[in-house]
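> here are the coordinates; sequence isn't available:
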Ligand SMILES: Nc1ncnc2c1ncn2[C@@H]1O[C@H](COP(=O)(O)OP(=O)(O)OP(=O)(O)O)[C@@H](O)[C@H]1O
């Protein structure tokens, strides 16, 4: 590979530098410094209210930091950037939604580049390619409201990938999907991000469905955070230290189970290997 391409592979597409945010006197996270390179997959974990979605809002340019800097592809994060793709939480679309799969994806394409009115052929070809990339060609012309949750989530992934973003933000995209579709959607996001040299920031309550794809974990709790590989972070001593309270991490039939006797205000979803 030419040296310039190698450099590009290691150039951060996302950079947070001593980023701090809080509301009404409560710090959500403080002095968060982080760089993601193309193709990297970061899982963001933490209990309810720990600031996971707020991180996505900061990266989307919808929320200002109290302190520090946030850059996407070398520029300050800004609202509406085509460098950022966003997959929202899984929500079932109403049956009567008047859109076909291909219409939903076309909505994600950058109108300036593809010239919706002036270059319909180019738009059509791009939509077809995206449908193929996410394995949705078979239902390209189906009304989206008739598709299953997993099929709809594939389309949302295609929509988010349409502008060829450098950073793909995923806000609990597996919520309410069954295990099979959780794995399929995660694999799809991972593969597409790698092929397109995009970094992934993946907010989730459950580590197990994504663990084999995760390069690093960012774990928020109690106004603090830990970052590292899953093996470095999802450990009893690291999480006990983060929560300042005993936490047990055990492996059960290949799944990580995180348990704590009692942490006020949090819950432990033992069955799903969920996050405290
Ligand atoms: N604009 C805002 N003004 C005031 N408080 C806010 C604002 N945005 C978020 N918060 C608060 O910050 C905290 C963190 O919210 P956030 O949505 O980031 O949590 P989360 O980790 O994504 O939680 P969950 O797992 O429940 O989705 C919450 O207590 C929320 O009420």
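Ah, there it is. As the structure is a computational prediction, the values presented were derived from the model and not from experiment. Numbers count the residues shown, from 1 in each chain.

> what's next to stretch 225-236, contact-wise?
Contacts to stretch 225-236, defined as C-beta atoms under 8 Å, 6 or more residues apart in numbering, come from residues 29, 32, 34, 43, 46, 207, 211, 214-219, 238-239, 242, 247-249, 256, 258. (C-beta placed from N, C-alpha, C; glycine too.)

> low-scoring stretches of this protein, by residue?
1-9, 110-119, 261-276 (pLDDT under 70).

> can you show me the strands along it?
14-23, 26-36, 41-45, 67-72, 75-76, 84-87, 167-171, 199-203, 216-221, 224-228, 248-252, 255-259 (DSSP state E).

> for the second one, packing partners?
Looking back up the chat, that one is strand 26-36. strand 14-23, strand 216-221, strand 224-228 (3 or more C-beta pairs under 8 Å, 6 or more residues apart in numbering; DSSP states H and E).

> give the pairing partners of the shortest one; include direction for each.
Yep, that's strand 224-228 we're talking about. Using DSSP bridges, the strands paired with strand 224-228 are strand 216-221 (antiparallel).

> likewise the first one?
When sheet partners are counted by DSSP bridges, strand 14-23 sits next to strand 26-36 (antiparallel), strand 67-72 (antiparallel).

> and the ones you listed: which comes nearest the ligand?
Checking those against the ligand by C-beta to the nearest ligand atom gives strand 26-36 as the closest, at 5.5 Å.

> redo the strands paired with strand 14-23 as CSV? Include distance to the ligand and mean neighbour count.
Listed next are the strands paired with strand 14-23 as CSV, based on distance: least, C-beta to the nearest ligand atom, whole Å; neighbours: other C-beta atoms under 10 Å:
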stretch, distance to the ligand, mean neighbour count
strand 26-36, 5, 17
strand 67-72, 15, 17
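
> of all those strands, which one is nearest residue 196?
Distance to residue 196, taken as C-beta to C-beta, is lowest for strand 26-36 among the strands paired with strand 14-23, at 14.1 Å.

> thinking again about what came up before, now distance to residue 102 too, for the strands of the chain, in TSV please.
Compiled in TSV, these are given as follows (distance: least, C-beta to C-beta, whole Å):
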stretch	distance to residue 102
strand 14-23	30
strand 26-36	31
strand 41-45	28
strand 67-72	28
strand 75-76	32
strand 84-87	18
strand 167-171	21
strand 199-203	25
strand 216-221	35
strand 224-228	39
strand 248-252	43
strand 255-259	38
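
> how about the ones you listed, which one is nearest residue 146?
strand 84-87 (20.7 Å).

> residue 168 is in contact with residue 161, correct?
Yes - between residue 161 and residue 168 there is a contact under C-beta atoms under 8 Å: 7.1 Å.

> which neighbours do the two share?
Common contacts of residue 161 and residue 168, defined by C-beta under 8 Å, 6+ apart, comprise 85, 192, 198.

> pull the number of nearby residues for the closest residue in space to the last one that isn't next to it in sequence.
Which is residue 198. Nearest non-adjacent residue to residue 198, counting by C-beta to C-beta, 6 or more residues apart in numbering: residue 168, 4.9 Å away. If you count neighbours by other C-beta atoms under 10 Å, residue 168 ends up with 23.
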